[in-house]
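Asker: here is the input, now give the coordinates:
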Amino acid sequence: MRTVLITGANKGVGFETARQLAQLGNFVFLGSRDIISGQQAADQLKAAGITNVAAIQIDVTDIDAIRKAKTVLDHQIGSLDLLINNAGIAGEQPQHMAECSMEIIRNLFETNYFGAVQTTQVMLPLLKRSSAPAIINVSSEVGSLTMHMAADRRPNWSNFSAYGASKTALNAFTVMLANELRGHNIMVNSVTPGYTATGLNQFKGTKTVAEGARAIVQLAMLTDSAVTGRFFNDSGELPW
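Answerer: Numbers count the residues shown, from 1 in each chain. As a prediction, the model looks like this:
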């Protein structure tokens, strides 16, 4: 049984990913800023007969909270097989870069980029104790510079420019960390669930959470350490 930590797992794609991975036999820690919300999410799964889950409090913007979560995991399991950096915010829209407020941009980067980086750094010692460790960064198509430059770029993407920039930075972190950790056989990849109907977009997405979680779960179940430093959706590999 593999052990998995998912940040932002009390709702949306994170919660559905936890459900699907637990159903596949993994033990999943549902990370949540608010332990009450996290426990309610874990209890919901347990009520459905999915007992191999537990709630854990972790706020990715609070280094002390991350360290406390690491201590809890260290005491309970001693190692971690998979970290899924899922916690994220969308920020207020529109976010045209020519006029977007610095407060919105900073808030987006604080959670979507710095949060993932510092969570990964703190959890790395636990991952290095695993026989098949992996890190998945939940990104977005709007983080792909290649897709932004395409002639058929979606016209409304500029409404999410600051959010997209935070995901571009997350993708860069994926590539650089993957290269640094090749000697440790730690897989590091980015994945996008696609435009999924969650609170992140006021439930306007075109995919269900079950469909959105599919790409993350597919990547989570890979064990080939050669698959690293790449960007995926549920149909395959995407360009940076």
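
Asker: would you map the helices across this protein?
Answerer: All helices of the chain, identified by DSSP state H, fall at 12-23, 35-47, 63-76, 102-109, 116-127, 145-149, 161-180, 209-220.

Asker: please save the CA atoms from the longest one in PDB.
Answerer: Once side chains and other backbone atoms are set aside, the C-alpha atoms of helix 161-180 remain, and they are given as PDB (Å, rounded to 0.1, in the frame of the first residue of the first chain):
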ATOM      1  CA  SER A 161      -3.100  35.700 -16.900                       C
ATOM      2  CA  ALA A 162      -1.700  36.000 -13.300                       C
ATOM      3  CA  TYR A 163      -3.000  32.600 -12.400                       C
ATOM      4  CA  GLY A 164      -1.400  31.200 -15.600                       C
ATOM      5  CA  ALA A 165       1.900  32.900 -14.700                       C
ATOM      6  CA  SER A 166       1.800  31.200 -11.300                       C
ATOM      7  CA  LYS A 167       1.300  27.800 -13.000                       C
ATOM      8  CA  THR A 168       4.100  28.600 -15.500                       C
ATOM      9  CA  ALA A 169       6.400  29.100 -12.500                       C
ATOM     10  CA  LEU A 170       5.100  25.800 -11.000                       C
ATOM     11  CA  ASN A 171       6.000  24.100 -14.300                       C
ATOM     12  CA  ALA A 172       9.500  25.500 -14.200                       C
ATOM     13  CA  PHE A 173       9.800  24.200 -10.600                       C
ATOM     14  CA  THR A 174       8.800  20.800 -11.900                       C
ATOM     15  CA  VAL A 175      11.500  20.700 -14.600                       C
ATOM     16  CA  MET A 176      14.300  22.000 -12.400                       C
ATOM     17  CA  LEU A 177      13.400  19.800  -9.400                       C
ATOM     18  CA  ALA A 178      13.100  16.700 -11.700                       C
ATOM     19  CA  ASN A 179      16.600  17.400 -13.000                       C
ATOM     20  CA  GLU A 180      18.000  17.800  -9.500                       C
END
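
Asker: which residues touch it?
Answerer: Under the criterion Cβ atoms under 8 Å, 6 or more residues apart in numbering, residues 85, 90-91, 95-97, 100, 104-105, 108-109, 112-113, 116-117, 120, 135, 137, 139-140, 142-145, 148, 157, 187-190, 228-229, 231, 240 lie in contact with helix 161-180. Yep, even glycine has a C-beta here, placed from its N, CA and C like the rest.

Asker: can you turn the buried part of the residues you listed into a ChimeraX selection?
Answerer: Command for ChimeraX, covering only those of these found buried under the criterion 16 or more other Cβ atoms under 10 Å:
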select :85,90,91,95,100,104,105,108,109,112,113,116,117,120,135,137,139,140,142,143,144,148,187,188,189,190,228,229,231,240
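
Asker: noted, bye for now.
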